[in-house]
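> need the 3D shape of this:
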Amino acid sequence: MIVDRINAYLDTQGKELDESILIEVEALAGNAFRRQFGLKEEREQKSPYFSSIGKCLRQQAYNLLGFPAEGKAIDARARMVFFQGDMVELAIVMLARVAGCAITAYGVGQESIEWEGLRGRPDGILDGTHLVEVKSMSSYSFDDFQNNILDIGYRYQCNAGMEALGLSHTVIVALNKDAGVLAEMVIPKDPEIIKDIRARLATLKAATKENLPERPYAPNDKGFYPWQCRYCAFYRTCLPNAELVLKGNAYKLYERKQKEITQ
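Model (predicted):
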């Protein structure tokens with residue numbers, strides 16, 4: 001749908017770009033640079049995002065209820081990763097447009113949409129019928145993607161966007177950031193996921209500081225939590241007995257046993 005057109009365009013010799021396209025790309029790149037690296041005002045998050053609703057509900061409840069962030073901070077590496085993601089989205093959407101794809105609601109025309117208390121900004125709409133989402137991936141994740149394996153968080157994000165916009169399908173364009181290869185996947189809206197999103201939203205709405213959603217993750221038999229906990233902004237609040245320990249070449253969260261705490 002999109003990737004074949006982009007590849008065909010890139011294989012064409014003697015390409016010429018309309019000046020208006022170049023001006024638009026420059027403006028969008030500047031906006032992304034300013035958003036990721038400029039001074040930011042702290043804003044209270046009043047509703048969850050499409051991109052987070054399939055993830056840990058306790059983490060989202062901590063944020064929505066105003067708990068202080070005492071965990072993984074947005075550091076220099078994270079800002080670079082976010083900016084790279086912005087640039088991948090910009091490049092693919094604009095290449096798709098110059099290759100002849102009818103994509104709307106992108107870039108400065110992106111709409112911030114709300115549905116059932118969720119907020120989101122889809123990457124675009126193709127032909128007025130398909131939601132467009134662009135993802136950059138490692139080689140490992142890209143191999144899964146090519147085998148039709150998609151992270152559940154992405155599936156929830158896409159389904160929320162489709163339901164909000166009244167669309168039935170999403171085309172996801174993925175870039176293997178290690179090899180520069182593109183692939184795409186078309187997924188239909190899933191009524192069961194929509195049903196679960198509503199249930200998850202009800203759980204968040206009912207959450208209080210004294211009654212938080214259950215933790216979806218637990219330590220393994222060696223006491224280590226999964227990477228999702230390590231990169232959570234609230235892990236110290238959620239896991240007061242856990243500590244960072246060096247395991248191999250990376251730090252992991254380790255749950256101290258009661259006898260270790262009392263020693």
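> give me the buried positions along the helix or strand Asn63 falls within.
Using DSSP states H and E, Asn63 sits within helix 57-64. By neighbour count on 16 or more other C-beta atoms under 10 Å, the buried set for helix 57-64 is 57-64. (C-beta placed from N, C-alpha, C; glycine too.)
> and for stretch 172-181?
By 16+ other C-beta under 10 Å, the buried positions in stretch 172-181 come out as 172-177.
> could you do stretch 209-219 as well?
Here stretch 209-219 shows 212-213, 217, 219 as buried, counting by 16+ other C-beta under 10 Å.
> now the end-to-end length of that stretch.
Stretch 209-219 has an end-to-end distance of 23 Å (criterion: C-alpha to C-alpha, to the nearest Å).
> which one of the buried residues of stretch 209-219 sits closest to Glu89?
Comparing the buried residues of stretch 209-219 against Glu89 with C-beta to C-beta places Tyr217 closest, at 28.8 Å.
> so the closest one belongs to a strand, correct?
No - using DSSP: H, G, I helix; E, B strand; the rest coil, the assignment for Tyr217 is coil, not a strand.
> thought it was touching Phe224?
No - using C-beta atoms under 8 Å, Tyr217 is not in contact with Phe224, being 10.8 Å away.
> format the buried residues of stretch 209-219 as CSV; extra columns: distance to Asn31 and pLDDT.
Below are those laid out as CSV (distance: C-beta to C-beta, whole Å; pLDDT from 0 to 100):
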residue, distance to Asn31, pLDDT
Leu212, 36, 97
Pro213, 35, 97
Tyr217, 35, 95
Pro219, 41, 95
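> show me the strands in the stretch 51-200 of the chain, by range?
All strands of the stretch 51-200 of the chain, identified by DSSP state E, counting those that start in this stretch, fall at 103-104, 113-115, 118-120, 124-126, 130-137, 169-176, 181-188.
> so what does the third one touch, helix or strand wise?
The one in question is strand 118-120. When contacts are defined as 3 or more C-beta pairs under 8 Å, 6 or more residues apart in numbering; DSSP states H and E, strand 118-120 sits against strand 113-115, helix 152-165.
> pull the residues that contact it.
47-51, 53, 112-114, 157, 160-161, 164, 197, 201 (C-beta atoms under 8 Å, 6 or more residues apart in numbering).
> residue contacts, Ile187?
150, 155, 158, 169-170, 172.
> need the strands of the stretch 51-200 of the chain in TSV (columns: mean pLDDT and distance to Glu243).
Shown next, in TSV, are the strands of the stretch 51-200 of the chain (pLDDT from 0 to 100; distance: least, C-beta to C-beta, whole Å):
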stretch	mean pLDDT	distance to Glu243
strand 103-104	95	47
strand 113-115	91	39
strand 118-120	92	34
strand 124-126	96	43
strand 130-137	96	31
strand 169-176	98	35
strand 181-188	98	39
